[in-house]
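Undergrad: okay, here's the prediction I keep looking at, along with the sequence it came from:
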Amino acid sequence: MQQTLVTLDMEGVLTPEIWIAVAERTGIPELRRTTRDEPDYDKLMRYRIEILDRHGITLAQIQEVIGTLRPLPGALDFLNTLREWVPVIILSDTFEQFAAPLMSQLNWPTLFCHRLEVTRGRISGYVLRQPDQKKKSVLALKSLNYRVLSAGDSYNDTAMLLASDHGFLIHAPDNVKKAFPGLPAVESHAELLGKIRELL
C-alpha cells in the first residue's frame, strides 16, 4: 500500500494569523489584509512592506508580537496525534524570521516557508523558496510515490489542496468555501482528524 503524508497550512489552521496580530498591536488596520482576502501573494506582500515602511515598523517589533502568540486551541494535540499516524509537513507562506516562536510551541514540525530580506532592521523585501511552493511541494512528494492529504484555509492553499490526493478546507471563510465548492470543508481539528483517519 502506498505511504501517506500530510501537508498543512500554518496560519489559520494551527496558529493565529500573524499579520492580523501585528495589525491589532500596532493599530494599523491595513495590515489585517491576508491571503483570505487577496489571492495574489506578491501584491499582498508588496502592500504590507509599503505600509510597514510608511509607519516605521521594524522586524524586531513584529517578532515581539509573534512572541506573544499561542497556537490555536487544540492545535498541538491535533498535530501530536496526526504525527503518530503519518509524517506531517507544514507548507506555509510565512517566513523563517516569523515562524520559530510558534514552531517551538508545536514541537518543531517540519516547515517549508520563505525568507525575508532585512535592511537596517526593516523588512525591505522577501525571497520565495520557490513560486507556488505549496503546490510544487505536493507534486514533488507525489513524485516520490507518497499519497498526499492536505488541509488549509485560504486562497493560497487551494492549489495545494487540489494537487493533493485528498484536500480539505478547515476554518475557511465563506468566500473561500464558495469559490471552491468541490473542496470538502471542516470546522474543527477533531473533524479533520476523523476525515484523515478514514483515509488511512
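TA: Here it is on my side, so go on. Owing to the predicted nature of the structure, the values given are computational and were not obtained by experimental measurement.

Undergrad: run a quick neighbour tally on the nearest residue to Thr94 once chain neighbours are set aside.
TA: Distance criterion CB to CB, 6 or more residues apart in numbering; nearest residue to Thr94, sequence neighbours excluded, is Cys113 at 5.0 Å. All C-beta spots, glycine's among them, are computed from the backbone N, C-alpha and C. For Cys113, the count of nearby residues is 19 (other CB atoms under 10 Å).

Undergrad: again with the one 3 residues further on
TA: Using other CB under 10 Å, Leu116 is surrounded by 18 other residues.

Undergrad: am I right that it sits in a strand?
TA: Yes: counting by DSSP: H, G, I helix; E, B strand; the rest coil, Leu116 is located in a strand.

Undergrad: before we move on, the earlier item: pretty sure the residue nearest to Thr94 sits against Ile89.
TA: No: with contact defined as CB atoms under 8 Å, Cys113 does not reach Ile89; the gap is 10.8 Å.

Undergrad: dump the residue contacts of Asp77.
TA: Applying CB atoms under 8 Å, 6 or more residues apart in numbering to Asp77 gives the contacts His189.

Undergrad: how much space separates it from Asn107?
TA: Asp77 sits 11 Å away from Asn107, going by CB to CB, to the nearest Å.

Undergrad: with Arg129 instead?
TA: Distance, Arg129 to Asn107, by CB to CB: 22 Å.

Undergrad: same check on Ser188?
TA: Separation of Ser188 from Asn107 (CB to CB): 21 Å.

Undergrad: got the buried residues for stretch 75-92?
TA: Buried residues in stretch 75-92, counting neighbours by 16 or more other CB atoms under 10 Å, are found at 75-76, 78-79, 82, 86, 89-92.

Undergrad: which stretches in the chain count as strands?
TA: 3-8, 88-95, 110-119, 122-127, 146-152, 166-170, 185-186 (DSSP state E).

Undergrad: quick one: Ile66 and Phe98 touch, right?
TA: Yes: Ile66 is in contact with Phe98 according to CB under 8 Å; the separation is 5.7 Å.

Undergrad: about what we covered before: tell me which of Ser188 and Asn107 has more neighbours.
TA: It is Ser188, of Ser188 and Asn107, that has more neighbours when counted by other CB under 10 Å, with 13 against 10.

Undergrad: pretty sure Thr110 sits against Ile89.
TA: Yes: using CB under 8 Å, Thr110 makes contact with Ile89 at a distance of 4.9 Å.

Undergrad: and the contacts of the lengthiest helix in the chain?
TA: Longest helix of the chain, by residue count under DSSP state H: helix 41-55. The contact list for helix 41-55 (CB under 8 Å, 6+ apart) reads 19, 26, 28, 30-31, 33-35, 38, 62, 93, 122-126, 156.
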